[in-house]
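Chemist: This is the structure alone, sequence omitted:
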């Protein structure tokens, strides 16, 4: 009996193929952040987006151990008390799934079918990874640091523990932490209890949950998830790795919704449109709002710097609404000049999409 | 500009119609309980299923008020401190969405497309509703008690606050509470902060969230959501109301999953299958497990009575697994003789489904 009989290669949907039951099953398990939750600076637990490749493992705080091994002077076996006795640091981080927006692509890569809301912001508390690596004494030969979670499964025929690496330079950045608290409480099971990696500015695939080993290697790591998360045009294309989050703005839908279509209804008059914008590359510099799906743009007022470098920025725009149908959207630009596109570029994995959202709105 | 242009009548899917983007948007907003979470007696916050008809409203604890009015001797305006100074009660409740299983029906009613996991169990703490009604002094003429939430939207062309009623006899049952805590903490925003109604044994539509008014009426209430939640064969059928939860058992998927298909892989040998079973009508009396999709059944061991009348019961069965493909499932029977069907009956709203689940499993 072969795993290939239940684990099949990746594919893109046929032109006329609706969302499949497999995709729906993933959408039911994993969850996005309802867009009205953009009202919160920090996303309440249970509303932050969530993607679990395999199952949420049954981890325990009292028996949890983290091994630090490989090209180090002093291999370590850490427990939770060890981490909790170090000087903690808290980082506010906007995290986004690399596949956010995938279900709107054409053709649609068949995978977790995110629309636009696979995002959330949390206060993560833990120990800087570099403190742990210093304690272990990284060899001069070290190249990559490999992180392994307790989540086990099979993906396109390959059985594996979820595993990702960071180049040593990235691993030593001060904002990279081993987190044991989310929003001031112990990590919930679904966010990596008891300890996860948090890599501010990067898409979610880097943030290894249920962390159980850190292995320093002296040659570039090339695990399954590094091959999987690449921007490629076709199966032969070696592609480019997915790393930092592209700039994106999301509007909080105004007024009230229709249950089924999620279209919005607002009353004529002054309507304050608010939202959040973020980029993993550089600070957000400018946000614009459009009422007609991106044909005309208006400059929004951007919240001043809150000191949370890795978190989203709030923006608002006052719309003098008159009766009619509208397609509301926003776009962000970061300080390095990256701007959200109106039309989406395509790649086979459906990664790093940052096309504008569209909110169908009726003003009465 | 009419609301009808963005809020359309209910419909069922065409024979060949895949899950639509509207359905996917609801699946992204709302979320089910990943089945491995069946390992927990009480579902951790953020993993309990969640259905929000409109938006999660921006409620505040400090300004929250609950009015009690209508056919009562003493109309009340309660705040959170008033409720918190009453003697609290805690009830462990398994809650399930009335539409659980809808997306597996044929033809498929177009609405929130649940597969099988729209369930969760929580410890709800609050004040018995009957204590509040006693305080207000219900008139002898009272028939129904109407509950209104702060969530506002439009559904099939009808603008409304979410609103449901209970017959007075049901409202006075001792287990019905006004809950302000879930699992020992303040309600999260998405579960009705600061106060919600909890009606143990009933499907989720009865558990009005973000509760802001209780209105006692002397004639049967016939609001939109009472019309919407009925079992009917076609649009002309007056139907029967959806009330208590039908018996259901769910297995925790064994082994490990394939990312995309969610099929399971187990190794040959003894495999302990565990799960949970519940019924809103009467205690669970018997659970059976099948390895072949319901052709042959084996009696599972049922956990003894835990004293939590309104919560699910754990069961297990040891399977001597040999290599091959299997379709694992379980079915529950309650003490009043209701048993889960292998094949699903159909109704136009897709409510009160309790057909068995199916877990595709490879034993190697």
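Modeler: Happy to help now that I have it. Predicted model, so just to flag it, every value in this text is computed and none were measured.
Chemist: Any stretches of the stretch 1-150 of chain A with poor pLDDT?
Modeler: The stretch 1-150 of chain A contains residues with pLDDT under 70 at A:1.
Chemist: where exactly do the helices run in it?
Modeler: A:21-29, A:80-84, A:129-136 (DSSP state H, counting those that start in this stretch).
Chemist: Residues contacting the second one, please?
Modeler: Helix A:80-84 is contacted by residues A:61, A:64, A:66, A:126, A:127, A:178, A:180, A:194, A:195 when judged by CB atoms under 8 Å, 6 or more residues apart in numbering or on different chains. Bear in mind the C-beta positions are built from the backbone N, C-alpha and C, glycine included.
Chemist: domain ranges for chain A?
Modeler: For chain A, automatic domain parsing gives the domain ranges A:3-228, A:248-363.
Chemist: quick one on the thing from earlier: so which of the contacts of helix A:80-84 wins on neighbours?
Modeler: Within the contacts of helix A:80-84, neighbour counts (other CB atoms under 10 Å in any protein chain shown) peak at residue A:195, which reaches 27 neighbours.
Chemist: tell me the contacts of it?
Modeler: Counting by CB under 8 Å, 6+ apart, residue A:195 has contacts A:64, A:66, A:80, A:83, A:126, A:178, A:179, A:180, A:187, A:210, A:211.
Chemist: Pull up the residues of the stretch 151-300 of chain A that are close to chain B.
Modeler: For the stretch 151-300 of chain A, the contact set with chain B under CB under 8 Å from any CB of the partner chain comprises A:152-156, A:159, A:188-190, A:253, A:256-263, A:265.
Chemist: taking the residues you listed one by one, which sit in strands?
Modeler: If you go by DSSP state E, those have A:152, A:153, A:154, A:155, A:159, A:256, A:257, A:265 in strands.
Chemist: Turn those into TSV, including pLDDT and neighbour count.
Modeler: Formatted as TSV, those follow (pLDDT from 0 to 100; neighbours: other CB atoms under 10 Å in any protein chain shown):
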residue	pLDDT	neighbour count
A:152	98	18
A:153	98	22
A:154	98	23
A:155	97	19
A:159	97	14
A:256	98	20
A:257	98	27
A:265	98	21
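Chemist: returning to that earlier point: including distance to residue A:38, could the contacts of helix A:80-84 go into a markdown table?
Modeler: Listed next are the contacts of helix A:80-84 as a markdown table, based on distance: CB to CB, whole Å:
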| residue | distance to residue A:38 |
| --- | --- |
| A:61 | 32 |
| A:64 | 34 |
| A:66 | 34 |
| A:126 | 26 |
| A:127 | 30 |
| A:178 | 28 |
| A:180 | 27 |
| A:194 | 29 |
| A:195 | 29 |
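Chemist: now, which of the residues you listed sits nearest residue A:273?
Modeler: Distance to residue A:273 across the contacts of helix A:80-84 (CB to CB) is lowest for residue A:126, with 35.5 Å.
Chemist: what pairs with that closest one across the strands?
Modeler: For residue A:126, the beta-bridge partners under DSSP bridges are residue A:89, residue A:179.
Chemist: Distance check, it against residue B:255.
Modeler: For residue A:126, the distance to residue B:255 (CB to CB, to the nearest Å) stands at 31 Å.
Chemist: which residues touch residue A:239?
Modeler: Residue A:239 neighbours (CB under 8 Å, 6+ apart): A:230, A:231, A:232, A:233, A:347.
Chemist: Check residue A:215 too.
Modeler: Residue A:215 neighbours (CB under 8 Å, 6+ apart): A:67, A:68, A:69, A:70, A:145, A:146, A:148.
Chemist: How about residue A:101?
Modeler: Neighbour list for residue A:101: A:114, A:115, A:116, A:344, A:350, A:353, A:354, A:355 [criterion: CB under 8 Å, 6+ apart].
Chemist: Measure how buried the fifth one is and give me the count.
Modeler: A total of 26 residues lie near residue A:350 under the criterion other CB under 10 Å.
Chemist: try the fourth one
Modeler: Neighbourhood size, residue A:344 [other CB under 10 Å]: 17.
Chemist: if you look at the contacts of residue A:239, which of them are in strands?
Modeler: A:230, A:231.
Chemist: Mind checking which of the contacts of residue A:239 are buried?
Modeler: A:230, A:231, A:347 (16 or more other CB atoms under 10 Å in any protein chain shown).
Chemist: Show the model's pLDDT score for the residue in the stretch 151-300 of chain A positioned nearest to chain B.
Modeler: Minimum separation of the stretch 151-300 of chain A from chain B (CB to the nearest CB) falls at residue A:263, amounting to 3.7 Å. In this model, residue A:263 is scored at 98, pLDDT.
Chemist: hang on, isn't residue A:329 packed against residue A:294?
Modeler: Yes - between residue A:329 and residue A:294 there is a contact at 5.8 Å, judged by CB atoms under 8 Å.
Chemist: and for those two, which residues touch both?
Modeler: residue A:356.
Chemist: Between the two, point out the one with more neighbours.
Modeler: Per other CB under 10 Å, whichever of residue A:329 and residue A:294 has more neighbours is residue A:329, with 24 against 19.
Chemist: tell me the pLDDT at the residue nearest to that one when sequence neighbours are not counted?
Modeler: Counting by CB to CB, 6 or more residues apart in numbering or on different chains, the nearest residue to residue A:329 once its immediate chain neighbours are dropped is residue A:356, at 4.4 Å. At residue A:356, the model reports a pLDDT of 97.
Chemist: from memory residue A:356 sits against residue A:342, does it?
Modeler: Yes - between residue A:356 and residue A:342 there is a contact at 5.7 Å, judged by CB under 8 Å.
Chemist: Identify the contacts common to these two.
Modeler: A:294, A:331.
Chemist: higher neighbour count, those two?
Modeler: The neighbour count for residue A:356 versus residue A:342, taken as other CB under 10 Å, is higher for residue A:356 (25 against 15).
Chemist: pretty sure the more buried one is in a strand, no?
Modeler: No - checked against DSSP: H, G, I helix; E, B strand; the rest coil, residue A:356 lies outside a strand; its state is coil.
Chemist: Dihedrals phi and psi, it?
Modeler: Backbone torsions of residue A:356, given as degrees, to the nearest 10, read phi -60, psi 150.
Chemist: Look up the residues forming beta bridges with residue A:186.
Modeler: Under the criterion used (DSSP bridges), residue A:186 bridges to residue A:181.
Chemist: Just give the closest residue to residue A:60, not the sequence neighbours.
Modeler: Using CB to CB, 6+ apart, the closest residue to residue A:60 is residue A:194 (8.0 Å).
Chemist: related to what we said a few turns ago, in CSV, list the domains of chain A along with distance to residue B:318.
Modeler: Shown next, in CSV, are the domains of chain A (distance: least, CB to CB, whole Å):
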stretch, distance to residue B:318
domain A:3-228, 19
domain A:248-363, 41
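Chemist: name the element residue A:219 belongs to?
Modeler: Under the criterion DSSP states H and E, no helix or strand holds residue A:219.
Chemist: what about the spatially closest residue to it that is not a sequence neighbour, distance to chain B?
Modeler: Closest residue in space to residue A:219, ignoring its immediate chain neighbours: residue A:143 at 5.9 Å, by CB to CB, 6+ apart. Distance of residue A:143 to chain B, computed by CB to the nearest CB, to the nearest Å: 28 Å.
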